[in-house]
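Chemist: Okay, here's the prediction I keep looking at, along with the sequence it came from:
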There are 2 protein chains.
Amino acid sequence: MEPSGHLAEALKRAGYKLTAPRKAIIQVLEQEGEHLSSGEVWALSRQIYPLLSRATVYRTLELLTNLGLIRPILLNDTAQRYVSGEGGHHHLVCSACGAVFEFERCGVDQLAVELAERFDFQIRSHLLEFYGICHTCRTRV
Amino acid sequence: MEPSGHLAEALKRAGYKLTAPRKAIIQVLEQEGEHLSSGEVWALSRQIYPLLSRATVYRTLELLTNLGLIRPILLNDTAQRYVSGEGGHHHLVCSACGAVFEFERCGVDQLAVELAERFDFQIRSHLLEFYGICHTCRTRV
DNA sequence: GTTTAAGTGAGATCATTTCTCATTTAGAAT
DNA sequence: ATTCTAAATGAGAAATGATCTCACTTAAAC
């Protein structure tokens, strides 16, 4: 999800303690890729630090979110999921079957610059999603 | 949220029964505006149809979602919230304090046309969100 | 090594969502 | 209008996800 060591460094820089539970959670986030739910983070991190409590997972995910290092994303789940706080995510989401297609170029960079100036807002990432009906669902009788 | 009668018509057209519970839920969605959670829809709809069960609210929201008439959106909540299934939503979201700023023009129309063709996907709406740190949070000591 | 504010675990509590199944009903058929 | 039936519903149980509390622990500054 992130370049290794990135999250730990950012935490320390922001004045937070680098504890064993946090190290385990960070290691999971950095190694296991995108779209992890809170529960998945908990399960995976307990393989590293078995005493880890659910509460600490929620607290750490919230902390990392507030620092802009990760952010929640809406998938077809009930559970909250997280992705990297940097860069863009671009999806086509089928309203009927939930299928997700990804694409790369989105062309919002210029807009980002304009908005950053207009709102005096420091932009770190973005999400662009289109919703509709996919080919399969549309051609199904 | 929708032009009046739009949802009821679409439901019938898709072959679903137009029951009293569904009418109440639809009336709420059409009148009460955006960003309602399931719980809020339940509470408001019960003012119209007091026997209404939570389960029916969930079932109806899921049905309307599958038809592309509404869609879930991620806000700073635990609860699932819904917006119109048509048109675009454009937000700047502060990772630190959760503040949301809206903007209008997003310029993704041309991209939408290209993607629709490339993926053979019928696009009905989109969401463009930028994440970062707002002016207030950045200048706060 | 001491100190102390920050961080944590365990489990209770709360909120949201899903499930089950007996009962009801919209709308088609007559 | 009446009958019929698959679809829809209500009520509450169960599951899942998130938050809170508080006594205990610990990172890191000194």
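Modeler: Received the coordinates, thanks. Numbering: from 1, shown residues only, chains lettered A, B, ... in the order given.
Chemist: Backbone dihedrals for A:S37, please?
Modeler: Main-chain dihedrals, A:S37, degrees, to the nearest 10: phi -90, psi 170.
Chemist: First-to-last residue distance for stretch A:103-121?
Modeler: 26 Å (Cα to Cα, to the nearest Å).
Chemist: quick one: contacts for A:G5?
Modeler: Listed by Cβ atoms under 8 Å, 6 or more residues apart in numbering or on different chains, the contact set of A:G5 reads A:E30. C-beta: built from backbone N, CA, C; applies to glycine.
Chemist: per-residue pLDDT, it?
Modeler: pLDDT recorded at A:G5 is 76.
Chemist: Quick check: it vs B:R138, distance?
Modeler: Between A:G5 and B:R138 the distance is 25 Å, computed by Cβ to Cβ, to the nearest Å.
Chemist: Which single strand of chain A contains the most residues?
Modeler: Ranked by residue count and defined by DSSP state E, the top strand of chain A is strand A:122-133.
Chemist: do that strand and chain B meet at all?
Modeler: Yes: applying Cβ under 8 Å from any Cβ of the partner chain, one finds strand A:122-133 touching chain B at A:122-133.
Chemist: With respect to A:S84, which of those residues is nearest?
Modeler: A:S84 lies nearest to A:S125 out of the residues of strand A:122-133 next to chain B, by Cβ to Cβ, at 7.3 Å.
Chemist: Quick check: that closest one touching A:P72?
Modeler: No: A:S125 lies out of contact with A:P72 (Cβ atoms under 8 Å); the separation is 11.8 Å.
Chemist: chain center to the lowest-mean-pLDDT helix or strand in chain A, what's the gap?
Modeler: In chain A, the helix or strand scored least confidently by mean pLDDT, DSSP states H and E is helix A:135-139, which has a mean of 87. Between the centre of helix A:135-139 and the centre of its chain there are 29 Å (Cα atoms, centre = their mean, to the nearest Å).
Chemist: Can I get it as PDB, trimmed to CA atoms?
Modeler: What follows is helix A:135-139, C-alpha atoms only, in PDB (Å, rounded to 0.1, in the frame of the first residue of the first chain):
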ATOM      1  CA  HIS A 135     -22.000  -4.800 -20.400                       C
ATOM      2  CA  THR A 136     -22.900  -8.200 -18.800                       C
ATOM      3  CA  CYS A 137     -25.900  -6.900 -16.900                       C
ATOM      4  CA  ARG A 138     -27.200  -4.900 -19.800                       C
ATOM      5  CA  THR A 139     -27.200  -7.800 -22.300                       C
END
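Chemist: for it, packing partners?
Modeler: The helices and strands touching helix A:135-139, judged by 3 or more Cβ pairs under 8 Å, 6 or more residues apart in numbering or on different chains; DSSP states H and E, number zero.
Chemist: For that helix, list every residue counted as buried.
Modeler: Residues of helix A:135-139 classed as buried by neighbour count (16 or more other Cβ atoms under 10 Å in any protein chain shown): A:C137.
Chemist: residues in contact with stretch A:20-37?
Modeler: With contact meaning Cβ under 8 Å, 6+ apart, stretch A:20-37 is reached by A:1-8, A:11, A:16, A:40-41, A:44-46, A:48-49, A:51-53, A:56-57, A:60-61, A:64, A:70, A:73, A:75, A:77, A:79-84.
Chemist: go again using 7 Å as the cut-off
Modeler: Contacts to stretch A:20-37, defined as Cβ atoms under 7 Å, 6 or more residues apart in numbering or on different chains, come from residues A:1-2, A:4, A:7-8, A:11, A:41, A:44-45, A:48-49, A:52, A:56-57, A:60, A:70, A:75, A:77, A:79-84.
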